[in-house]
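[1] Here is the input, now give the coordinates:
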Amino acid sequence: MADAQAPATTTPRSDNRGRGPQRGGRRDDRRNAADAAPKEFEEVVINIDRVARVVKGGRRFRFKALVVVGNRKDKVGVGVSKGQDVQTAIAKATDVAKKNLITVPIANETIPHDAEVKVSGAQVLIKPAAPGTGIIAGGVVRQVIGVTGVRNLLSKSLGSTNKVNIAYATIDALKTLVPRDQWLNAPKKAAKKADKEETK
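    Numbering: from 1, shown residues only. The predicted structure is shown next:
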């Protein structure tokens, strides 16, 4: 009888208490793993505007984002898109920019030659610069060039101050650049190098 009346030993309920930290730890590990993965492209939001569309019931407001992406080597792209909120607009603009990447010919951390392009009312002039000059540009042009591998550049933005047009003018100016090995006098040098290698 004494054994039957002995109080039963109760074990502490540690299962539920232990689950919380474990789950939180798993989530943190996943976040850290995602953050540790290096991004191939760097994204820079140049401008965000609130735009309105007039409908029968009034105005519908949305956001328009201008984003530039680049890998800080030779790829760069610009995208513009709209969304119901800021994050949606930025995500859509980033996707547009990644679909319209261009390759920038780079020679000694600068561009191979001058280029001047006009898009709508915006006119952009870019020129190569000596080592140590840095990126001499303002506003949108600096942000676009900043995500490329160009380290020395001179530029001038003329005409319109519309950021979208300036961004597209900068991209078009980079598109017109021709690598040095494709210049008219380049094949002769290449042929001389080939002859020297053959003689060796």
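
[2] only C-alpha atoms for contact and neighbour calcs from this point on.
    Noted.

[3] mind listing what the residue most central in space within the chain touches?
    With distances taken as CA atoms, centre = their mean, the residue of the chain nearest its centroid is residue 69 (1.7 Å). Going by CA atoms under 8 Å, 6 or more residues apart in numbering, residue 69 touches 41, 42, 43, 44, 76, 77, 78, 94, 97, 98, 147.

[4] Any of the residues you listed buried? List them.
    When the contacts of residue 69 are checked for burial by 16 or more other CA atoms under 10 Å, the buried set is 41, 43, 44, 76, 77, 78, 94, 97, 98, 147.

[5] pLDDT-wise, what's the bottom of the residues you listed?
    On pLDDT alone, residue 41 ranks lowest of these, at 85.

[6] Which residues are in contact with the spatially closest residue to it that is not a sequence neighbour?
    Leaving aside its sequence neighbours, residue 41 sits nearest to residue 71 (CA to CA, 6 or more residues apart in numbering; 4.5 Å). For residue 71, the contacting residues are 40, 41, 42, 147, 148, 149, by CA under 8 Å, 6+ apart.

[7] Please list the members of the contacts of residue 69 that lie in helices.
    Residues of these located in helices (DSSP state H): 94, 97, 98.

[8] JSON lines for these, including distance to residue 58?
    Compiled in JSON lines, these are given as follows (distance: CA to CA, whole Å):
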{"residue": "94", "distance to residue 58": "30"}
{"residue": "97", "distance to residue 58": "32"}
{"residue": "98", "distance to residue 58": "35"}
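
[9] so residue 117 bridges to which residues?
    residue 124 (DSSP bridges).

[10] Can you read off the pLDDT for it?
    Residue 117 is assigned 93 on the pLDDT scale.

[11] Does it touch residue 123 like I think?
    Yes: at 5.8 Å, residue 117 and residue 123 qualify as touching, with contact defined as CA atoms under 8 Å.

[12] Tell me where this protein has helices.
    So, for the chain - with DSSP H - the helices run 2-5, 15-36, 86-99, 140-146, 163-175, 186-199.

[13] and the residue nearest to residue 169 when sequence neighbours are not counted, how many neighbours does it have?
    Nearest residue to residue 169, sequence neighbours excluded (CA to CA, 6+ apart): residue 119, at 5.3 Å. Neighbourhood size, residue 119 [other CA atoms under 10 Å]: 18.

[14] Residue 166 is in contact with residue 119, correct?
    Yes: between residue 119 and residue 166 there is a contact under CA under 8 Å: 7.5 Å.

[15] What is the burial count for residue 126?
    Neighbours of residue 126 (other CA under 10 Å): 22.

[16] shift numbering so it begins at 19
    OK, 19 is where the count begins now, so the last one is residue 144.

[17] what's the distance between it and residue 202?
    Relative to residue 202, residue 144 is positioned 21 Å away (CA to CA, to the nearest Å).

[18] same question, residue 64
    Applying CA to CA to residue 64 and residue 202 gives a distance of 37 Å.

[19] How about the contacts made by the closest residue to residue 106 other than its chain neighbours?
    Once flanking residues are discounted, residue 106 sits nearest to residue 100: 7.7 Å by CA to CA, 6+ apart. Residues near residue 100 by CA under 8 Å, 6+ apart: 80, 81, 82, 83, 106, 107, 110, 111.
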